[in-house]
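Engineer: Following is a predicted model, sequence given first.
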Amino acid sequence: MKQIIQQIKNLESINSFSKHEQLVQGIINAIDEKVVTKGDLLPSVNTFISELGFARETIAKAYKELVHRGIIESKNRLGYFVATNDVKQELKVALLIFAFDIFQETFYENFRKGLGKNIQLDIFFHHNNFDTFESIVQNIKGKYGMFVIAPIPSKKTPPVLKQLPTNRVLLVDRFIETDEDYNYVAQEFGDSSYNAFVQLKDKIKKYDEIIFFFKPSSAEPDEILNSFKRFMKDYDIKGVIKEEYVSGSLEKGKVYFTIHNLELWEMLKDSKVKGLKIGSDIGFISHNDDIVKEIIFDGVTTFSTDFSEMGKKAANFVLNRKKIQEIIPTILVDRNSL
């Protein structure tokens, strides 16, 4: 502890340094010179007050900056610990998302590229499991300078998010109502889905029926389900909602809509086996666009937000910390599958 205090006192002669800067740089110097190393306990706030005579607010501010930069971490009731020996690490970011599907990979690649090389990015998955979500948040709090989170749409989520500093949180993909003024870059599911169905209504009406595969109590947005029901009612469309596709059950004259890629691949395979011509004998609509859907079977009709743009905007927020509360538009791509 005395050596850390001395590292800070050594900077007293630098007139341009404020006490805050003296604390931050002194601790960084102590790590750089291996006075302390990863996992070591740092002096308490009270120790610094006693040894240096600095104000409590100044010390707390310095520790918060070092946590933000990913250099130290806070452990409840235990104090502050050295988190890394790489003191050149400018920022440590935690990314918590649903899973790693193709469209989420698109988000990740653009987010990672936008952050640049000097920022450490750790990725976590909650798989729409609330217990997993809560456990990860509890584990990462105090250890990262920024938290980029795809929240689970649940009334239980806001209290969990409150464990993190509001100004260090960016919500992505899903928007949820909270009492906090969070930054977000998200997509909208209700009106955008309805508008996509309406734009496709003439093509859908060429078929006998539309079938939507929707799994209740899953990561699939309820807003899309409600929009589908509203669309059928408003335009007198014959349709049915089923929980999952049964292999081999494709029927001529139907349009099939699914959110799940694996379900789509299986249906496309079955259409080939049955000799059904896509776009005339049978139709397909998918949610979340990607390059595979652009190419396969002369293209699958999709409606989707721009995940590459979402990733870029998320990275820009992390780097520049300019307030953002933006819904990325949903785009309908009408291809040959209808």
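Structural biologist: Here it is on my side, so go on. On a predicted model such as this, the values are computed, not experimentally measured, just so you know.
Engineer: Determine the set of other helices and strands touching the helix or strand where Ala196 lies.
Structural biologist: Using DSSP states H and E, the element containing Ala196 is helix 190-199. Packing partners of helix 190-199 (3 or more Cβ pairs under 8 Å, 6 or more residues apart in numbering; DSSP states H and E): helix 222-234, strand 301-305, strand 330-333. Just so you know, the C-beta spots here come from the backbone N, C-alpha and C atoms, and that holds for glycine as well.
Engineer: all helices of the stretch 1-150 of the chain, in order?
Structural biologist: Taking DSSP state H, counting those that start in this stretch as the test, the helices found in the stretch 1-150 of the chain are 2-9, 19-32, 45-52, 56-68, 102-115, 130-140.
Engineer: what about the helices and strands packed on helix 190-199, which gets the closest to Ser18?
Structural biologist: strand 301-305 (43.8 Å; Cβ to Cβ).
Engineer: Tabulate the CA atom coordinates of that closest one in PDB.
Structural biologist: This file holds the C-alpha atoms of strand 301-305, laid out as PDB (Å, rounded to 0.1, in the frame of the first residue of the first chain):
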ATOM      1  CA  THR A 301     -38.600 -12.300 -49.000                       C
ATOM      2  CA  THR A 302     -37.700 -10.700 -45.700                       C
ATOM      3  CA  PHE A 303     -38.400  -7.700 -43.500                       C
ATOM      4  CA  SER A 304     -35.600  -6.700 -41.200                       C
ATOM      5  CA  THR A 305     -33.800  -3.900 -39.400                       C
END
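Engineer: tell me the mean pLDDT for that strand?
Structural biologist: Mean pLDDT, strand 301-305: 96.
Engineer: Can you list the buried residues in it?
Structural biologist: The neighbour-count check on strand 301-305 (16 or more other Cβ atoms under 10 Å) flags Thr301, Thr302, Phe303, Ser304, Thr305 as buried.
Engineer: Just give me the closest of these to Lys229.
Structural biologist: Out of these, the member with the shortest distance to Lys229 (by Cβ to Cβ) is Phe303, at 16.7 Å.
Engineer: which residues does the closest one contact?
Structural biologist: For Phe303, the contact set (Cβ atoms under 8 Å, 6 or more residues apart in numbering) comprises Ser192, Ser193, Ala196, Ile285, His287, Asp289, Thr330, Ile331, Leu332, Val333.
Engineer: Among those, which one lies nearest to Met232?
Structural biologist: Using Cβ to Cβ, the contacts of Phe303 come closest to Met232 at Ser193, 12.4 Å.
Engineer: Quick check: the closest one vs Leu319, distance?
Structural biologist: With the distance defined as Cβ to Cβ, to the nearest Å, Ser193 ends up 32 Å from Leu319.
Engineer: what's the answer for Tyr207, then?
Structural biologist: From Tyr207 to Leu319 the distance is 48 Å (Cβ to Cβ).
Engineer: Between the two, which has more neighbouring residues?
Structural biologist: Each of Tyr207 and Leu319 has its neighbours counted (other Cβ atoms under 10 Å); Tyr207 has more, 21 against 15.
Engineer: ok, now which ones touch Ile59?
Structural biologist: Residues near Ile59 by Cβ under 8 Å, 6+ apart: Leu23, Val45, Phe48, Ile49.
Engineer: Next up, the contacts around the first one.
Structural biologist: Think Leu23. Applying Cβ under 8 Å, 6+ apart, we find Leu23 in contact with Ile8, Phe48, Leu52, Phe54, Thr58, Ile59, Ala62.
Engineer: quick check, Lys203 in a helix?
Structural biologist: Yes: using DSSP: H, G, I helix; E, B strand; the rest coil, the assignment for Lys203 is a helix.
Engineer: how close does the closest residue to it other than its chain neighbours get to Tyr256?
Structural biologist: Leaving out its chain neighbours, the residue that sits closest to Lys203 by Cβ to Cβ, 6 or more residues apart in numbering is Leu338, at 4.3 Å. According to Cβ to Cβ, Leu338 and Tyr256 sit 11 Å apart.
Engineer: who touches both of these two?
Structural biologist: Shared contacts of Leu338 and Tyr256 (Cβ under 8 Å, 6+ apart): Gly283, Phe284, Ile285.
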